[in-house]
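**Q** This is a predicted model, with the sequence first.
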Amino acid sequence: MDVKKIKVDTSRFGRDEITEINRVKLTPAKVALDLGDGSERGEYVNQDYIINRLGRPHRNIGLMYTYYPNDKEWPVRSSEAYPDMEVHSQWEYPYDDYFVYEGGLGGKLSGKPFEEMRDIRRHGQDVTLTLTIDCSCTDEQLTAIAKDLRTFGRMRLRINHECSGRWFTHNQRYSYEEIGAFFVRFHKILKKEAPNVETVFCSGFADQDGRMEQEDAFLEAFKEADVWSSDRYLALHFGWPFDICDDGDLSYAINPLDGYIKGIDGTIKRLREICDGKKKPFSATEFNTDGDVTGPKLQGLGLLKFAEYLKEKQPDWNYSMSMYQFRDRGRLGLEMEDPNNPNVGIEQPLMDDYKVLLNDPYFQPGREVVETLDISKVKKIPLRWGGAEDSEGVEFKVKLEKMPVFFDMELPVDMNLMIEVNGRWFYKKPGVQIIDVMSAFFSKDSIPVKPGEEISVVIFAPPADGENPETGKDDWAVNYRTEMKVLPKFRIRYEACKPNR
């Protein structure tokens, strides 16, 4: 429900503290951080909550959906379609128990996953959509999905992931050769109908003999894919939620960090060999250590050690990793879902460890100055949203006398904005006029401010409805453009209010 709108007197807001205005551009991080949000293990959590909890957006937010339109019970989620079916693992249902993809041929764009995709993009992040999909789908059905995704900018589509395994429906119904051929067919349709979408081929790792798992069956898929990917956890309780694991059980697995690093190194080396030397991006689209195995307090240790390895060795991997996931019913999340109320998350110790990475410049997008503007002549500023690693915004240098007690911003009321203040990010939706950004100074991981110091206030403008409008320009599918016609104003105070009676 929207808050009642009240016209606020903003006469005490001004621009006296602005010392410099720059047009700036986002550039890729050395190692990008993505985040899974919802799966068979947890519900989707809105981006307002996540960004407030973590302090900054991610490059990509991962969603997990399934599409089996030719099955009798479709489009009902599998566990709901078969509530009385006796199962002993997540993967025994007739089709994967992910959220249902409601688009496609004869579908609708008003429901899932499109409402989540819009939420992600309006908050300055790109989408990675994992879709387990029936390999018997026709070209007509696949073309309809491609057309669904045309307006969602530089997104990634992970098609039938973990396909070198045996657990998903695609592996139970189809051969490895059929899965590889389906990926290639769908990839080519996407390149024709939705070239804004990068395809992700997620299979396995290199074997002891140096060859990829199912290498011959998947060779053409490896060559066609835009991004290579493999899922492996440092520890995973794969029997969840059907048992509670204890030491020595056979329902969990541990992958020591050294072996994990060696596995990625050998995998990427082999993929380059069999793909004519091409160096494609590699994404660990599901990465975590399961607290069911390690316990909550030690869960983040492997993550921090791996981060130190990446910073120290800087391997030639063109690497990104996705934390799986934000909120989980088990212990694979930054929060654990409260069993009494799925809308409530219980923060885990992993949250603080993960924030170490989020606040490390090595894992953050870069920013470069494109142009310094003449403050006295600035009337309007062009803004371009091309995605989380390629966008043009505006930076205001603001001089502070000392640590503020109040810091409010008045912003163009009609604009959809992502705002970074002193290293912390805030969202402003259309219709909101004033944003309180004091948490950039009082949160426990905020950057201290010295007297007389300049800080940066940086603003970007993603599309307000999360989609790129079809403007007819050649680059409309990957670039959304707008203008800031009214510059922000500030109310900065250094003392609390004194008694007035």
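**A** Ah, there it is.
**Q** any low-confidence regions in the stretch 1-150 of the chain?
**A** Low-confidence segments of the stretch 1-150 of the chain (pLDDT under 70): 1-5.
**Q** Tell me which stretches of the stretch 51-200 of the chain form strands.
**A** Secondary structure of the stretch 51-200 of the chain by DSSP state E, counting those that start in this stretch: the strands cover 60-67, 99-100, 126-133, 156-159, 198-203.
**Q** would CSV of those with distance to V398 and mean neighbour count be doable?
**A** C-beta here means a position set from N, CA and C on the backbone, and glycine is covered the same way. Output for the strands of the stretch 51-200 of the chain, formatted as CSV (distance: least, CB to CB, whole Å; neighbours: other CB atoms under 10 Å):
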stretch, distance to V398, mean neighbour count
strand 60-67, 30, 26
strand 99-100, 43, 20
strand 126-133, 29, 25
strand 156-159, 36, 24
strand 198-203, 37, 24
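**Q** With distance to L234 as added columns, please give the ones you listed in a markdown table.
**A** Formatted as a markdown table, these follow (distance: least, CB to CB, whole Å):
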| stretch | distance to L234 |
| --- | --- |
| strand 60-67 | 18 |
| strand 99-100 | 26 |
| strand 126-133 | 20 |
| strand 156-159 | 21 |
| strand 198-203 | 18 |
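**Q** Out of the ones you listed, which gets nearest to M351?
**A** Nearest of the strands of the stretch 51-200 of the chain to M351, taken as CB to CB: strand 60-67 at 16.8 Å.
**Q** that older thread, indicate which one of the strands of the stretch 51-200 of the chain is closest to S230.
**A** Here strand 198-203 is closest among these (CB to CB), at 6.3 Å.
**Q** Where does pLDDT dip in this structure?
**A** For the chain, the ranges with pLDDT under 70 are 1-5.
**Q** Any figure for the gap between the residue positioned nearest the centre of the chain and P349?
**A** Centroid-nearest residue in the chain, with CA atoms, centre = their mean: I61, separated by 1.9 Å. According to CB to CB, to the nearest Å, I61 stands 23 Å off from P349.
**Q** residues touching the residue lying closest to the residue nearest to the centre of the chain once chain neighbours are set aside, list them.
**A** Using CB to CB, 6 or more residues apart in numbering and skipping the chain neighbours, the partner closest in space to I61 is I120 (4.5 Å). For I120, the contact set (CB atoms under 8 Å, 6 or more residues apart in numbering) comprises 37, 47, 61, 63, 126-127, 466.
**Q** picking up where we left off before, quick check: beta-bridge partners of the residue nearest to the centre of the chain?
**A** I61 has these beta-bridge partners by DSSP bridges: L35, V127.
**Q** so it sits right up against D37, yeah?
**A** Yes - assessed by CB atoms under 8 Å, I61 is found in contact with D37 at 5.2 Å.
**Q** Adding distance to W425, write the contacts of I120 out as TSV.
**A** Shown next, in TSV, are those (distance: CB to CB, whole Å):
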residue	distance to W425
D37	16
Q47	11
I61	14
L63	21
D126	15
V127	18
G466	17
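**Q** which one among those residues gets closest to V100?
**A** Nearest member of those to V100, counting by CB to CB, is L63, at 12.1 Å.
**Q** thought that closest one was touching Y44?
**A** Yes - between L63 and Y44 a contact is recorded at 7.4 Å, counting by CB under 8 Å.
**Q** shared neighbours, the two?
**A** By CB under 8 Å, 6+ apart, the residues touching both L63 and Y44 are 37-38, 99, 116.
**Q** what's the closest of these to V405?
**A** Checking the shared contacts of L63 and Y44 against V405 by CB to CB gives D37 as the nearest, at 34.8 Å.
**Q** before we move on, the earlier item: list only buried entries from the shared contacts of L63 and Y44.
**A** 37-38, 99, 116 (16 or more other CB atoms under 10 Å).
**Q** what would those look like in JSON lines with distance to L334?
**A** Below are these laid out as JSON lines (distance: CB to CB, whole Å):
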{"residue": "D37", "distance to L334": "11"}
{"residue": "G38", "distance to L334": "13"}
{"residue": "F99", "distance to L334": "20"}
{"residue": "E116", "distance to L334": "18"}
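**Q** Max pairwise distance over the residues you listed: which two?
**A** It's D37 and F99 that sit farthest apart of those, by CB to CB, at 11.2 Å.
**Q** what is in contact with those two at once?
**A** 44, 63.
**Q** Skipping adjacent residues, who's closest to Q47 in space?
**A** H123 (4.0 Å).
**Q** who are the neighbours in contact with the one you found?
**A** Residues near H123 by CB under 8 Å, 6+ apart: 47-48, 51, 57, 418, 427, 462.
**Q** if you set the cut-off to 10 Å instead, what comes out?
**A** 46-48, 50-51, 57-58, 61, 416, 418, 425, 427, 429, 462, 466 (CB atoms under 10 Å, 6 or more residues apart in numbering).
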